[in-house]
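J.: fold the following for me, if possible:
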Amino acid sequence: DHGCKERWQVRWRDEQGRQRKKSFERKLDAQGFEAEIRKALKDGTYTDPSAGDVTLQVYAEAWAGRQTHDTASAERVAGMLRRHVYSAEGTPGRTPPGAPSIGDYPLRVLAKQPSIVQGWLAAIPLHPNSVRMVAATVTPIFTAAAEDGLIARNPLKASQVRLPKAVKTDVTAWSAEQVAAVAAALPARWSALAALGAAVGMRQGELFALAVDDLDFLRRNVHVAVQLKRVGGRVCF
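T.: Here you go, the predicted model:
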């Protein structure tokens, strides 16, 4: 390579014994890289320098395909990634709501520059608790990439990346008068929803799926076994 732009070359064998190489313009940069590679191979933290070239979106889609989520959870994760992580069609670098996206970045760039991830988190146009949910969705993807050897660390775990503080709100139970008013305002076939919601504390989907056979009037028990969900635009049990 003498006379070319990148005159200094580092050669090494990875953990599988494969010959690898990387060229540099400056000797000092080559020496620094060689020292890093030697140290990583010695202490077991070696990652393939080219492995992290895959983008977050490409890896996340492959990761999602390997999960054992139920249909509703898989749809929720996919929707969150499409809306707040990936670029919208026709607007590279921007999510559908118009905030910065990180899906087009190579994993190695995000791992080396967690400031990009911090800027992305700060710009998500959601309530702080919802931003934390987005981060919780992306965290296992970065963790898997690190465990697969594509990146050295999860950028969401970097010290400079800070999630917004969780906002705790006090919940005030309805009074008996409010429950009665809501029950009276509902169509007769649905009026029991208000009483069940207030007395049993069931979730909305559980209330909608409840059948008469789930009520044990003799023992005064309610058996919560099924819930109604909207998955991919379809309502299902």
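J.: going by C-alpha atoms from here, please, whenever you check contacts or count neighbours.
T.: Fine.
J.: how about the strands in this protein?
T.: Using DSSP state E, the strands found in the chain span residues 8-13, 19-24, 215-216, 221-222, 229-231, 234-236.
J.: among those, which is nearest Q160?
T.: Nearest to Q160 among the strands of the chain is strand 19-24; the distance by C-alpha to C-alpha comes to 29.4 Å.
J.: V117: how many residues sit nearby?
T.: 21 (other C-alpha atoms under 10 Å).
J.: mind listing what A183 touches?
T.: Listed by C-alpha atoms under 8 Å, 6 or more residues apart in numbering, the contact set of A183 reads W190, S191, A192, L193, A194, A195.
J.: ditto for T139
T.: By C-alpha under 8 Å, 6+ apart, the contact list for T139 reads N154, L156.
J.: list the buried residues of the lowest-mean-pLDDT helix or strand in the chain.
T.: Lowest by mean pLDDT, DSSP states H and E among the helices and strands of the chain is strand 229-231, with a mean of 81. Buried residues in strand 229-231, counted by 16 or more other C-alpha atoms under 10 Å: K229.
J.: ok, residues contacting it?
T.: Contacts of strand 229-231 (C-alpha under 8 Å, 6+ apart): T71, A72, E75, G205, V235, C236, F237.
J.: quick check, the third one in contact with G232.
T.: The reference is to E75. Yes. Contact criterion C-alpha atoms under 8 Å: E75 and G232 qualify, at 6.7 Å.
J.: all the helices of this structure, residue numbers only.
T.: Using DSSP state H, the helices of the chain run over residues 27-43, 56-66, 71-84, 107-112, 114-123, 128-147, 176-185, 192-200, 204-209.
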